[in-house]
Structures are given as structure tokens and as C-alpha cells.
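Participant: Below is the sequence, then the predicted model.
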Amino acid sequence: MPLLEFYNGTGSDDRGRRIEDVWRYTHDELEDIHDYIQWLFPLTERSDFNPGAPVLDDATIQRFRTDETLRRNMERSLRLMLAFYGLEIAGVSIRRALSFAERSANWLTPGNHNFLRLTRILKSLATLGLADRATQLLACLEEIYATDESVIGPRTIAFWRRAAG
């Protein structure tokens, strides 16, 4: 399956990019390019925004849950996106990084498309065997919501809570 080859570093996505290419994206590229997130954080539903993106099936989900290389690479993808948001993994939690004030200016605005990306990330992590990371990310987002409720809104936080399971 192309997704497994992409995540193992032996294949490419539907645009010919290898996972290492995406991992080297700058923050500007992560913001401006919109068709990589479905490859880094696949779901069981087809993407309305990227019809060429993979759709998870039971066998692929099971591989992610049991294959250490896939899980390690997914964790690397998560770290990439957390840095983009100004967040970081600290042991068994996810927290605001020193760069949060600068990085959040890019995405912590009402109705920002990154809210959808965060929903996808949470749901993908929970589906593919990294439910602990989904829970940690949700806890961090809950803390951000507590101080920025008017920006995030109750509807978005509800989506994030459902996505994390």
C-alpha cells in the first residue's frame, strides 16, 4: 500500500514526495501547502480536500498499531506539526514551547484552517495506536482553550474532544 511505503520511507505520496521531504518543510511550507497533512495523519474517511490521499483500512490500522517503525515515524510527524504550532512533547505530556507566542500568532485566530488540521491529527493518532499522544495533545489544547475560548470556540473544542476519543 502506498501509505505504508510512504511512512516506511520507501515510497512517495501522490505528488511524488517522500516522507523525508515533508519532514524538511519550513513552517511557511507547512502553512502554505495543504495536501501533505492527509498523508502524515491519514483517516478512515476520504478527504474532501485531497482526493488522492490514502484512506485507512483495518489492515493498515493494525500495521500502524504493531509496527515500531511506523509508530516512530508517526511520532516524528507529530513532533514536526507540534513545532509548527509552538508546542512540544515533554515526557508524557505535550505543552506550549518557548516559541508558542510567535507560532500561535499564525494559527490561533478565529476559524483558522489549522483547527481542522488539529482535528485530523487527534483522530489519526487515536486511530493508529498513539491514543496517549492524542490525549496529551487534547490536554494541551484544553489549556489553550481555557485562555483563548473566544478564539477557538465551543464547537471547535467539541470536535477536538470527539476526535481524541
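Facilitator: Ah, there it is.

Participant: What segments of the protein are helices?
Facilitator: 2-8, 19-23, 27-32, 37-40, 58-66, 68-85, 100-107, 114-127, 131-147, 149-164 (DSSP state H).

Participant: can you pull the alpha-carbon coordinates of the third one into CSV?
Facilitator: Provided in CSV are the C-alpha atoms of helix 27-32 (Å, rounded to 0.1, in the frame of the first residue of the first chain):
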residue,chain,number,x,y,z
HIS,A,27,7.0,26.5,8.8
ASP,A,28,6.0,28.6,5.8
GLU,A,29,5.7,25.5,3.7
LEU,A,30,3.7,23.7,6.4
GLU,A,31,1.3,26.6,6.4
ASP,A,32,1.0,27.2,2.6
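
Participant: who's in contact with that helix?
Facilitator: Helix 27-32 is contacted from outside by 36, 80-81, 83-84, 103, 106, using C-beta atoms under 8 Å, 6 or more residues apart in numbering. Heads up, the C-betas are built off the backbone N, CA and C, glycines and all.

Participant: Mind telling me the two of the residues you listed farthest from one another?
Facilitator: The largest distance within these, taken as C-beta to C-beta, falls between Tyr36 and Arg103 and amounts to 18.0 Å.

Participant: OK, contacts around the most centrally placed residue in the chain?
Facilitator: Against the mean C-alpha coordinate of the chain, by C-alpha atoms, centre = their mean, the closest residue is Ile121 at 3.0 Å. Going by C-beta under 8 Å, 6+ apart, Ile121 touches 37, 41, 78, 81, 137.
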